[in-house]
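J.: just need the structure, nothing else, for what follows:
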Amino acid sequence: MVTYILFSYGISWLIWGRQLLNYQFDLGWSISKWNHILGGLGPLLGAILTLFVFEGSNGVGQYFREKLLRWPTPKWLLVGFGMPIVFFLIPYLVLGIAQGAWLNFYDLGVNSKVPLENTVMIWLMWCLFYGLGEEGGWRGFLFPEFCKTTNARMATLYTALIWAAWHLPIFFYDKDFQAMGLGGSIGWLVGLIFGSLLLGWLVKQSDWNLWPVILWHGTFNLFTASDLIHPLFPGVISALVIVASMWIARRYGENLSLENT
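T.: Numbers count the residues shown, from 1 in each chain. Reported below is the predicted structural model:
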């Protein structure tokens, strides 16, 4: 576990370190927008390296076969992709009806940190670098490891705390994270904890296949990480994640799996 955390943090923090130093000390370096995006691959690469160290190429091969190379159950693939869309449509319809002005879908995902402008390409980028990149580690390795020694509900909490601390360097160079302030940061942490529970439940329902959580994560980022959308969108969507997570915790029990129903 410690080895995995060191690998994951080390890779991401090394990538983000250049951006952090440039921002904090005004070094005048030219920083590519891909720098922030590439840091999202740290958890996945950390999982691969950890498995290689302790289990060799066989362990890495088994990881890919079980979690990425087999086709997931269509039901849970649809849930992973469709849930964040439903969460998005609620504020979309409410704001559109209330204001009489509808969101331009071409604005989705457009952000000063993102090196792309096409909505579909931005979505694919989020799915690859932060969907696969993060979920390949958090739900693909860390959460299952915690589940070996504790119930799934507590495992989601431990995963969330490590997941949250991984973001630490971003707070020192990213304007969106800095703008949250103390209160906003606490709210962000609470949302992350509930999000970890939801994603833990989803990956367990899909028999540890990662594609449903990859699609969920990438689609969620598309709908919440944009400079051009109304701030109510990420707020309402995050609130809906919390509500859904509370229902999941109550409905599925400590192990977050269908066997408890």
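J.: which helix or strand lies directly C-terminal to the lowest-mean-pLDDT helix or strand in the chain?
T.: Of the helices and strands making up the chain, the lowest-confidence element is helix 175-179, at a mean of 90, by mean pLDDT, DSSP states H and E. Next along the chain after helix 175-179, taking DSSP states H and E as the criterion, comes helix 181-205.
J.: quick one: contacts of that following helix?
T.: Under the criterion C-beta atoms under 8 Å, 6 or more residues apart in numbering, residues 76, 79-80, 135, 138-140, 143, 152-153, 155-157, 159-161, 163-164, 171, 177, 180, 209-210, 212-213, 216-217, 238, 241-242, 244-246, 248-249, 252, 255-258 lie in contact with helix 181-205. Where you see a C-beta, it was placed from the backbone N, CA and C, and this is true even at glycine.
J.: name the next helix or strand following it along the chain.
T.: Downstream of helix 181-205, the first helix or strand assigned by DSSP H and E is helix 211-224.
J.: returning to that earlier point: in helices, which of the contacts of helix 181-205 appear?
T.: In helices, defined here by DSSP state H, the members of the contacts of helix 181-205 are 76, 79-80, 135, 143, 152-153, 155-157, 159-161, 163-164, 177, 212-213, 216-217, 238, 241-242, 244-246, 248-249, 252.
J.: ok, back up a step: filter the contacts of helix 181-205 down to just the buried residues.
T.: Buried subset of those (neighbour count, 16 or more other C-beta atoms under 10 Å): 76, 79-80, 135, 138-140, 143, 152-153, 155-156, 159-160, 163, 177, 209-210, 212-213, 216-217, 238, 241-242, 244-245, 248-249, 252, 256.
J.: just to revisit the earlier point, how about the least confident helix or strand of the chain: buried residues?
T.: Residues residue 177 are the ones in helix 175-179 that count as buried (16+ other C-beta under 10 Å).
J.: and the contacts of that helix?
T.: When contacts are defined by C-beta under 8 Å, 6+ apart, helix 175-179 is touched by residues 112-113, 167, 170-171, 185, 225.
J.: do the same with stretch 233-252
T.: With C-beta under 8 Å, 6+ apart as the test, stretch 233-252 has contacts from 83-84, 87-88, 90-92, 94-95, 103, 153, 187, 190-191, 194-195, 197-198, 201, 220, 223-226, 256, 258, 260-261.
J.: same thing with stretch 38-53?
T.: With C-beta under 8 Å, 6+ apart as the test, stretch 38-53 has contacts from 3-13, 15-16, 59-60, 63, 129-130, 132-138, 140-142, 166.
J.: so for that stretch, mean pLDDT?
T.: Mean pLDDT, stretch 38-53: 98.
J.: and what of stretch 242-249?
T.: 96.
J.: again, but for stretch 69-89
T.: Stretch 69-89 comes out at a mean pLDDT of 96.
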